[in-house]
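Trainee: Whatever this is, show me its structure:
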Amino acid sequence: LTPADVAAFDRATVTGVACARGGPTSHAVILARALGLPVVVGVGAAVLAVPDQSRLLVDGDAGSVTVRPSRRATDTARRRRRAQELEAAAAARLAADPAVTGDGTLVAVEANVATPEEAAAAVAAGADGVGLFRTEFLFLGAAAMPDEDDQAAAYDAVAAALDGRPLTIRTLDAGADKPLPYLPLPPERNPFLGVRGLRLGLLYPDQLRTQLRAVLRVAARRPVRVMFPMVADADEVRRALALLGAARDGLLADGGPAPERLEVGIMLEVPSAALLAEQLAPLVDFFSVGTNDLTQYALAAERGNAGVAALGDPLHPAVLRMVDQTVRAADAAGQRLTHLADSGYIRVETGDMAAILDCARIGPDYLPGHAHADTLSFELSVGGRRVLVNSGTRTSFLIDGDAPILREKDTVTPENANTPAKRLYLCVQTMYLK
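Mentor: The predicted structure is shown next:
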């Protein structure tokens with residue numbers, strides 16, 4: 001399943017997805033889930049032999065596919081779906097309320113979108129803006145490279161749907177699993193380590209300059225930011241900024257509109273960029289940490305490969321240390337830092353306590369009272385359970401009613417961090433405690 005396949009789905013007929021291969025954090029899976037579809041991947045070749053017209057029960061929460069389910073199983077699934085719909089409706093009634101932590105910290109919650117319709121839906125769901133506009137789908141759906149006017153019209157439509165809320169436009173992130181037929185590239189043995197993201201833009205500077213001109217035109221009258229994907233080092237950032245400057249100069253020379261200043265960010269999804277965060281921070285206005293790609297590159301586990309899906313742990317100590325280094329660099333530079341939380345694993349209902357920390361955009365900008373504390377004590381609500389956490393003693397209590405029950409009290413180290421409670425401590429220790 002490719003992102004282009006998902007973009008072509010007929011929403012009236014596609015109600016679920018089951019794949020023989022693939023990983024839970026692949027681009028296609030993320031996009032399908034964003035459409036509200038249950039998705040199960042890595043089922044195995046047996047799913048390909050299921051006869052056409054067979055009735056299937058696809059349970060995206062449990063990661064299971066049942067062929068010809070019984071009436072009892074079907075009724076149970078329908079009741080669960082109805083309960084989820086009621087829960088979603090209750091949440092929707094609170095959608096316009098600000099997202100504030102217990103200590104009064106306001107958290108900006110922005111959406112990832114690919115169309116004006118998705119932007120409008122995000123606003124209706126209470127989004128504070130768009131933190132990632134996936135421009136590649138404008139290109140994937142075109143028979144030829146969209147020109148400057150077409151791109152400007154598309155970006156303006158998304159910005160208009162946000163009604164004054166900020167829009168972050170990511171430049172073309174194609175290549176690898178999102179190839180463009182009209183921008184041919186030689187075959188690559190490993191396209192995920194090849195010409196993709198910003199590398200593609202720098203290889204075709206005229207196309208990137210055209211896109212930047214379109215972004216600048218919209219930014220002249222709407223709150224727009226631009227973000228470069230797949231950055232590996234400072235030289236790439238400088239070259240991209242030079243193209244942005246040339247695009248602005250060209251627009252002004254042509255008598256066109258351009259903002260006095262455009263906020264620029266980069267995605268930190270390549271380990272080298274995370275390790276060089278201190279050098280990169282002075283060059284841009286914000287970082288966006290993309291933990292899906294950062295995890296696959298740090299752990300050498302392709303996100304779309306079911307055979308290594310278990311290795312793709314965004315809470316692995318190696319990944320968290322890189323996130324920690326990024327947070328510290330952004331803090332030192334007074335930069336805004338966001339987390340691109342599009343990982344398939346982020347579901348609080350699963351009971352993974354560490355997922356709580358990943359559902360918010362964690363960093364000094366968002367948790368200023370906690371970022372440098374010597375001891376962090378707080379209470380979490382996970383899967384209907386209350387969990388009391390103390391990072392000083394590195395212990396947690398599962399609270400059943402009013403009686404706390406000691407669950408984990410061992411010292412947490414990377415070697416023994418094999419339970420959700422210990423993983424939570426390791427996450428807190430690595431990311432927040434200096």
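
Trainee: what's the single longest helix in the protein?
Mentor: For the chain, the longest helix by residue count, based on DSSP state H, is helix 71-92.

Trainee: and for the next helix or strand after it, what are the contacting residues?
Mentor: Tracing the chain past helix 71-92, the next element assigned as helix or strand by DSSP states H and E is strand 111-113. Residues lying outside strand 111-113 but in contact with it, judged by Cβ atoms under 8 Å, 6 or more residues apart in numbering, are 34, 118-119, 122, 125, 127, 129-134, 158, 340, 342. Every C-beta, even on glycine, is put in place using the N, C-alpha and C of the backbone.

Trainee: mind listing which of these are in helices?
Mentor: With helices defined by DSSP H, the entries of the contacts of strand 111-113 inside them are 34, 118, 119, 122, 158.

Trainee: any idea how far the residue nearest to the first one when sequence neighbours are not counted is from residue 239?
Mentor: Think residue 34. Spatial nearest neighbour of residue 34, excluding adjacent residues (Cβ to Cβ, 6 or more residues apart in numbering): residue 112 at 7.0 Å. Note on residue 112: its distance to residue 239, by Cβ to Cβ, to the nearest Å, is 26 Å.

Trainee: where does the stretch 101-250 of the chain have low pLDDT?
Mentor: For the stretch 101-250 of the chain, the stretches with pLDDT under 70 are 101-103, 176-177.

Trainee: switch the cut-off to 50
Mentor: Applying pLDDT under 50 to the stretch 101-250 of the chain picks out no residues at all.

Trainee: where do the strands sit along it?
Mentor: With DSSP state E, counting those that start in this stretch applied, the stretch 101-250 of the chain shows strands at 111-113, 130-134, 167-170, 224-228, listed in chain order.

Trainee: Counting by contacts, list what the third one packs against.
Mentor: Using 3 or more Cβ pairs under 8 Å, 6 or more residues apart in numbering; DSSP states H and E as the contact criterion, the secondary-structure elements in contact with strand 167-170 are strand 130-134, helix 148-161, strand 224-228.

Trainee: One more: the last one?
Mentor: The criterion is 3+ Cβ pairs under 8 Å, 6+ apart, and the helices and strands that strand 224-228 contacts are strand 167-170, helix 205-219, helix 234-253, strand 263-268, strand 286-289.

Trainee: quick revisit: out of the helices and strands packed on strand 167-170, flag the one nearest residue 306.
Mentor: Set against residue 306 and scored by Cβ to Cβ, the helices and strands packed on strand 167-170 come closest in strand 130-134, at 23.9 Å.

Trainee: picking up where we left off before, what does the longest helix of the chain rub up against?
Mentor: In this structure, residues lying in contact with helix 71-92 by Cβ under 8 Å, 6+ apart are 57, 59, 66, 69, 125, 126.

Trainee: The nearest residue to the third one once chain neighbours are set aside: which element?
Mentor: To tie it back to what came earlier, the one meant is residue 66. Distances taken as Cβ to Cβ, 6+ apart place residue 57 nearest to residue 66, at 4.1 Å, with adjacent residues excluded. Element membership of residue 57 [criterion: DSSP H and E] is strand 56-59.

Trainee: so which strand or helix has residue 31?
Mentor: Mapping residue 31 onto the secondary structure by DSSP H and E places it in helix 27-34.

Trainee: From the chain's centroid, how far away is that helix?
Mentor: The gap between where helix 27-34 is centred and where its chain is centred comes out at 10 Å by Cα atoms, centre = their mean, to the nearest Å.

Trainee: go on, stretch 44-56?
Mentor: Here stretch 44-56 shows a centroid-to-chain-centroid distance of 31 Å under the convention Cα atoms, centre = their mean.

Trainee: Just the CA coordinates for it, please, in PDB.
Mentor: Taking C-alpha atoms only, stretch 44-56 is exported to PDB below (Å, rounded to 0.1, in the frame of the first residue of the first chain):
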ATOM      1  CA  GLY A  44       0.700 -12.400   6.100                       C
ATOM      2  CA  ALA A  45       0.200 -13.900   2.700                       C
ATOM      3  CA  ALA A  46      -2.900 -15.700   3.800                       C
ATOM      4  CA  VAL A  47      -5.000 -12.500   3.500                       C
ATOM      5  CA  LEU A  48      -4.300 -12.500  -0.200                       C
ATOM      6  CA  ALA A  49      -6.100 -15.800  -0.600                       C
ATOM      7  CA  VAL A  50      -9.300 -14.600   0.900                       C
ATOM      8  CA  PRO A  51     -12.100 -14.900  -1.700                       C
ATOM      9  CA  ASP A  52     -13.700 -11.800  -3.100                       C
ATOM     10  CA  GLN A  53     -16.900 -10.800  -1.500                       C
ATOM     11  CA  SER A  54     -15.900 -12.400   1.800                       C
ATOM     12  CA  ARG A  55     -17.000 -10.600   4.900                       C
ATOM     13  CA  LEU A  56     -14.200  -9.300   7.100                       C
END
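
Trainee: Okay, buried residues for it please.
Mentor: Neighbour-count burial for stretch 44-56, counted by 16 or more other Cβ atoms under 10 Å, picks out 47, 56.

Trainee: Return the residues in contact with residue 48.
Mentor: With contact set as Cβ under 8 Å, 6+ apart, residue 48 has these partners: residue 20.

Trainee: That one - that's part of a strand, no?
Mentor: No: the assignment for residue 48 by DSSP: H, G, I helix; E, B strand; the rest coil gives helix, which leaves it out of any strand.

Trainee: Residue 48 versus the closest residue to residue 336 other than its chain neighbours, what's the distance?
Mentor: Closest residue to residue 336 apart from its sequence neighbours, by Cβ to Cβ, 6+ apart: residue 286 at 4.2 Å. Plainly put, residue 286 is 44 Å away from residue 48 if you go by Cβ to Cβ.

Trainee: same check, this time on residue 35
Mentor: Counting by Cβ to Cβ, the gap from residue 35 to residue 48 is 23 Å.

Trainee: neighbours of residue 114, just the number please.
Mentor: A count of nearby residues for residue 114, using other Cβ atoms under 10 Å, gives 22.

Trainee: How about residue 334?
Mentor: Neighbours of residue 334 using other Cβ under 10 Å come to 9.

Trainee: so how many other residues sit close to residue 170?
Mentor: Neighbour count for residue 170, taken as other Cβ under 10 Å: 24.

Trainee: Kindly report the same for residue 143.
Mentor: Here the number of neighbours of residue 143 (other Cβ under 10 Å) works out to 7.
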